[in-house]
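Visitor: give me the fold of what follows.
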Amino acid sequence: MKKIIMDKKSIMDKKITIDKKTILGIVLDKRKRLIAGFYMILGILLLVFLISGIHRKHNSKAAADGEAYIAAEAAKDPAAVQAAMQGRGDAGFTDSLQDSAALQDPAAVQNPDTGITSDAGTNANGIQDPANGMTDPNQAAWEETENTVRAEVQAQMGPLYQQIESLEIPPMSTEQLAAYQQIFANTVVVGDSMAQAVYDYGFLDGNHVYFIRGEAIGNLGGQVDEAMAMLPSSVIFFSGLNGTDYYETPELYAQAYAERINQVLAINPNTRVFVCSMTPPSNELAVYREDLARSPEYDAALQNLCASSTAIYMDLNWMVRQQLYLPDGIHFGEEFYTVWMQYAALFINR
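Guide: Residues are numbered from 1 along each chain as shown. This next block holds a predicted model:
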């Protein structure tokens, strides 16, 4: 009887042992399947990343090729550039070519502010002539063009003045924003944190805004190249108070700005260039930041630069209200940029 009981116990122990091994095997097998699935997903993600990288590299090369093409063709034949831009549906580009057709006089120009006469085809600021690649064309003709633009803009600014004066600035509806984004379809914005806000507030996407926060205008050559690779018909420069810290004098600031404008025109001589004024610091900040308080002098140099070149100055000073500043006293809130978007559209949509 004892033997029989022991045999039964042995059988039971063996069965239990088998059951434990079986269960353990199932658990291990499931874990292996999970691990295998994980590595399979990881492999798929790696493959997608590699394909995406190849695609981005291809697009970058295509953009660089496009930029090189525009620069080369502009040097040989502006008509070829016109044909290329029309091929991508850029109606505004044709207008800019027509505007510049009568502005091809490379005669020496005297700067009305400094009295400095430059070499034939140049001005004291060194801005290139977008028509022939030399430098600034007939000064009176450019001033007439800028005055025409400014008069057309002024005629349509009534509602914007009312918004600023009353500080009742309604946010854009989805439909309004889409309409303005269409106006900016062939325009890029280049600058520092002032330009960055156009992107941060969602007015334009990353294909239309190129910036380095806290950087001076003279160091934005890479951003200009990236922006021009998009083949824009218009470029808006929007740079803030970094210039007063980086450049000892307003003249050096204007010279650095001239280099960036020249860079645009070297790639496509028919690009319309707009330059936003340097906005001042808030009254509170200006009290203890004397370097920033010099901004009106730098802005005056910027205005003179535009007056003696093909670039058009976009005065933002009328928009400045203490209530629209962010707490840092340098940057502005979304309401300011809501008006800026509408104001800039008046220039590029003329």
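Visitor: which intervals of this protein have sub-threshold pLDDT?
Guide: 1-32, 36, 47-146, 148-150 (pLDDT under 70).
Visitor: 90 instead?
Guide: In the predicted model of the chain, residues 1-158, 349-350 satisfy pLDDT under 90.
Visitor: quick one: Val320 from Gly329, how far?
Guide: 12 Å (C-beta to C-beta, to the nearest Å). In this view, the C-beta of every residue, glycine as well, is placed from N, C-alpha and C.
Visitor: my bad, should have said Arg272
Guide: From Arg272 across to Gly329, the span is 32 Å (C-beta to C-beta).
Visitor: ok, Arg321 next?
Guide: For Arg321, the distance to Gly329 - C-beta to C-beta - is 13 Å.
Visitor: look at these two and report which has more neighbours.
Guide: More neighbours surround Gly329 than the other of Arg321 and Gly329, with 18 against 14 (other C-beta atoms under 10 Å).
Visitor: list the contacts of that one.
Guide: By C-beta atoms under 8 Å, 6 or more residues apart in numbering, the contact set of Gly329 is Pro281, Ser282, Glu284, Leu285, Ala286.
Visitor: now it: closest residue in space, sequence neighbours ignored.
Guide: Spatially, and ignoring its direct neighbours in sequence, Gly329 is nearest to Leu285 (3.2 Å; C-beta to C-beta, 6 or more residues apart in numbering).
Visitor: what about the one you found, neighbour count?
Guide: Neighbour tally, Leu285, other C-beta under 10 Å: 17.
Visitor: what of Met157?
Guide: For Met157, using other C-beta under 10 Å, the count is 15.
Visitor: would you check that it makes contact with Tyr343?
Guide: Yes - under the criterion of C-beta atoms under 8 Å, Met157 makes contact with Tyr343 at 7.3 Å.
Visitor: the domain parsing of this protein - what is it?
Guide: What automatic domain parsing lists as the domains of the chain is 1-76, 139-348.
Visitor: buried deepest among the ones you listed, which one?
Guide: Mean neighbour count (mean count of other C-beta atoms under 10 Å) peaks for domain 139-348 among the domains of the chain, with a mean of 19.
Visitor: farthest-separated two in the contacts of Gly329?
Guide: Within the contacts of Gly329, Pro281 and Glu284 form the most distant pair, 8.3 Å apart (C-beta to C-beta).
Visitor: show me where the stretch 201-350 of the chain has its strands.
Guide: 209-211, 234-238, 272-276, 312-314 (DSSP state E, counting those that start in this stretch).
Visitor: make JSON lines out of the ones you listed and add distance to Gln176.
Guide: JSON lines is the format used below for the strands of the stretch 201-350 of the chain (distance: least, C-beta to C-beta, whole Å):
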{"stretch": "strand 209-211", "distance to Gln176": "19"}
{"stretch": "strand 234-238", "distance to Gln176": "19"}
{"stretch": "strand 272-276", "distance to Gln176": "21"}
{"stretch": "strand 312-314", "distance to Gln176": "21"}
